[in-house]
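# A structural model of the following input is requested.
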Amino acid sequence: MQIAASIGGSGPPLLLLHGHPQTRAIWHRVVPELLKHFTVVAADLRGYGDSSKPPGAADHGNYAKRVMAQDQLALMQALGFNRFDVLAHDRGARVAHRLAQDHPQAVRSLVLLDIAPTLAMYQQTSEAFARAYWHWFFLIQKAPMPERLIAADPAAYVLEVMGNRSAGLAPFDPRALAEYQRCLALHGTGHGICEDYRAAASIDLEHDRADREVGRMLQVPLLVLWGERGVVHQCFKPLDEWRLVASDVRGQALPCGHYVAEEAPEALLAQALPFLTQDLR
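Model (predicted):
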């Protein structure tokens, strides 16, 4: 398994994880400031970007967030970082949640962008949520139907999925969009993305339910930020949901939609930097 990553800066280690249908390029507007404070590791998730894209297993376990989290833990350990902070968006935030849940000794603090817990979002699916997050239900369909449709025009898939959010395509640097399109067109990316979502709708829910059944809470300090113009804000109460599964939670909505790091980089940094730099070793 190969995980593609970029590393730079100096100071305490900070892992950055992206969402769908993107790559580590999402952080381009916040990395310059983060590099002043941290050794920044921006990684592509398994199945995305330039990372490996293994075939899915029958139970989708190859893309369980537990396995995807292990990828990132192994990456950080290979770089010499046994304890680190994590800033993560969307799918990457779901991986980061599982990483901190399974390996609390490795995660010093956690910032999650524009998600509620996966189990809560499936349990509370409404018509409004299903219409807005239609891709959740498209991508989990049996292979190879969604893979085939994505492969027919991956560039259009990126533009339409991202452009149909609250801000349209205006917030996105054309170079970043071109990178997302390049990577989605790579062999195996469509399948990897689908398997990520199939796992989220099956084996990941089993893992989340098992934690809840025994009262296993997320113990690391957690900052939750989300877009006030996004679907998570409209359909869920993020702080309430995270407080059901985590012991130390704070957060707020930011003046943006779903793509926080690209739509509102200054607002993100204003909230995330004080949190990430508090009580540094």
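# Next, residue 136: secondary structure please.
Of the three states, residue 136 takes helix under DSSP: H, G, I helix; E, B strand; the rest coil.
# Only the buried residues of stretch 265-278, if you could.
Going by neighbour count (16 or more other C-beta atoms under 10 Å), the buried part of stretch 265-278 is 265, 267, 268, 269, 271, 272, 273, 275, 276. Placement of C-beta: from N, CA and C, glycine included.
# quick one: which of the residues you listed is nearest to residue 255?
Nearest to residue 255 out of the buried residues of stretch 265-278 is residue 267 (C-beta to C-beta; 6.1 Å).
# on that earlier part again, using CSV, please lay out the buried residues of stretch 265-278 together with distance to residue 222, secondary structure and pLDDT.
Shown next, in CSV, are the buried residues of stretch 265-278 (distance: C-beta to C-beta, whole Å; DSSP: H, G, I helix; E, B strand; the rest coil; pLDDT from 0 to 100):
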residue, distance to residue 222, secondary structure, pLDDT
265, 21, helix, 98
267, 18, helix, 98
268, 16, helix, 98
269, 18, helix, 98
271, 13, helix, 98
272, 12, helix, 98
273, 16, helix, 97
275, 9, helix, 97
276, 12, helix, 97
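# Return the helix or strand residue 156 falls within as PDB; C-alpha atoms alone will do.
Taking DSSP states H and E as the definition, residue 156 sits inside helix 154-163. Output in PDB follows, covering the C-alpha atoms of helix 154-163 (Å, rounded to 0.1, in the frame of the first residue of the first chain):
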ATOM      1  CA  PRO A 154     -14.800  12.000 -14.700                       C
ATOM      2  CA  ALA A 155     -14.100  15.600 -15.400                       C
ATOM      3  CA  ALA A 156     -17.800  16.400 -15.500                       C
ATOM      4  CA  TYR A 157     -18.400  14.400 -12.400                       C
ATOM      5  CA  VAL A 158     -16.000  16.600 -10.400                       C
ATOM      6  CA  LEU A 159     -17.500  19.800 -11.800                       C
ATOM      7  CA  GLU A 160     -21.100  18.800 -11.200                       C
ATOM      8  CA  VAL A 161     -20.700  17.300  -7.800                       C
ATOM      9  CA  MET A 162     -18.600  20.200  -6.500                       C
ATOM     10  CA  GLY A 163     -20.400  22.900  -8.500                       C
END
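# residues contacting the most centrally placed residue in the chain?
Compute the mean C-alpha point of the chain, and by C-alpha atoms, centre = their mean the closest residue is residue 92, 2.0 Å away. Neighbouring residues of residue 92 by C-beta atoms under 8 Å, 6 or more residues apart in numbering: 16, 17, 18, 19, 45.
# from those residues, which ones fall inside strands?
16, 17 (DSSP state E).
# just checking, residue 191 is part of a helix?
Yes: Residue 191 sits within a helix when classified using three-state DSSP.
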